[in-house]
Structure formats: C-alpha cells, structure tokens
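*Asks:* with the input below, show me the fold.
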Amino acid sequence: MWRELAILGAVVAGLSVVTGAFGAHGLERVAEEWPEATRQKRLENWDSAARYQMYHGLAILLAVALCQHSGSRLASISAWGFGLGSLLFSGSLYLYALTGITKFGAITPLGGLVWIVAWSSLAIALGKASGSPQPD
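*Replies:* Okay, here's the model as predicted:
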C-alpha cells in the first residue's frame with residue numbers, strides 16, 4: 001500500500017505546483033472579471049490552498065517513509081488523512097476562488113479537522129516507531 005500512498009503524495013504535491021503556477025500566472029486574468037470587493041480574498045484563498053496542498057503532499061511522503069520503516073498502520077492512516085484533508089481544504093478554497101460561492105467555505109474547516117487528526121496520528125506513529133528499520 002505504501003506505493004499507492006507515495007504516488008498520492010507526489011500527485012498532491014505536483015498538483016500544488018500546477019495550481020500555484022496557475023494562481024501566479026493565469027488566475028489574474030480570470031480575476032479581472034470578479035467583483036472588486038471579493039477579488040483579493042479569492043486570490044489569497046487560492047494561494048493558501050496551493051501552499052497548504054504542498055505542505056500536505058510532502059506530509060504524505062513523510063508518512064510513507066514511516067510506513068516503509070516501521071510498517072505503522074497509524075502512519076498509513078495519517079497519509080490517507082493528509083490526502084483527504086487536501087481534497088477538502090484546498091479543494092473547497094479553489095472552488096470558492098473560482099466561483100465566489102461562499103458556501104464552499106463550510107467545507108474548508110472539515111479539511112482542517114482531518115489534517116489535525118492526520119498530524120496527531122503521525123505524531124503517535126512516530127512516538128511508537130522503533131529506532132531501527134524493519135527487515136523487508
């Protein structure tokens with residue numbers, strides 16, 4: 001299962017580069033059509049989504065390394081949580097930025113909550129991990 005999680009981490013991180021680049025180079029043209037009252041907030045939300053998505057793509061890869069090292073089920077759970085949290089948190093911010101529909105903001109804290117659980121799971125997994133690698 002660690003291979004699937006490693007792929008997920010690479011995809012999440014890679015897509016953050018794509019969305020960040022679009023935010024820096026293409027979104028400004030789209031944003032010209034947005035009401036001025038919400039434009040800056042929507043652009044800031046896009047930037048936050050891309051930044052947090054990258055952090056959590058890398059966190060998935062960290063959890064995968066722990067999975068490989070120790071076989072920890074909690075590390076695996078945390079990796080999936082980082083992926084789900086990215087979808088909910090960053091995805092809802094991207095949707096809000098693109099559409100201006102504020103109801104997407106109700107989803108964002110759920111992603112944050114999933115991330116809190118995932119980070120907590122990773123912390124516990126790291127605390128339980130032994131100092132020596134497990135044999136293959």
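
*Asks:* use CA for all of it now, contacts and neighbours both
*Replies:* Noted.

*Asks:* tell me which element Leu66 falls in.
*Replies:* Secondary structure assigned from DSSP states H and E places Leu66 in helix 36-70.

*Asks:* flag every buried residue along that helix.
*Replies:* 39, 42-43, 45-54, 56-70 (16 or more other CA atoms under 10 Å).

*Asks:* stretch 72-91 now?
*Replies:* Buried residues in stretch 72-91, counting neighbours by 16+ other CA under 10 Å, are found at 72, 74-91.

*Asks:* that older thread, tell me the mean pLDDT for the helix holding Leu66?
*Replies:* Throughout helix 36-70, pLDDT has a mean value of 95.

*Asks:* tell me the mean pLDDT over the helix or strand following it?
*Replies:* Along the chain past helix 36-70, the next helix or strand (assigned with DSSP H and E) turns out to be helix 73-99. Averaged across helix 73-99, pLDDT comes to 97.

*Asks:* kindly report the same for stretch 108-118.
*Replies:* When pLDDT is averaged along stretch 108-118, the result is 98.

*Asks:* which outside residues touch that stretch?
*Replies:* With CA atoms under 8 Å, 6 or more residues apart in numbering as the test, stretch 108-118 has contacts from 77-82, 84-90, 92-93.

*Asks:* now do stretch 76-89
*Replies:* Contacts for stretch 76-89 (CA under 8 Å, 6+ apart): 2, 5, 8-9, 12, 49, 52-53, 56-57, 59-61, 63-64, 67, 107-115, 117-122.

*Asks:* burial measure for Ala97, as a count.
*Replies:* For Ala97, the tally of surrounding residues (other CA atoms under 10 Å) stands at 26.
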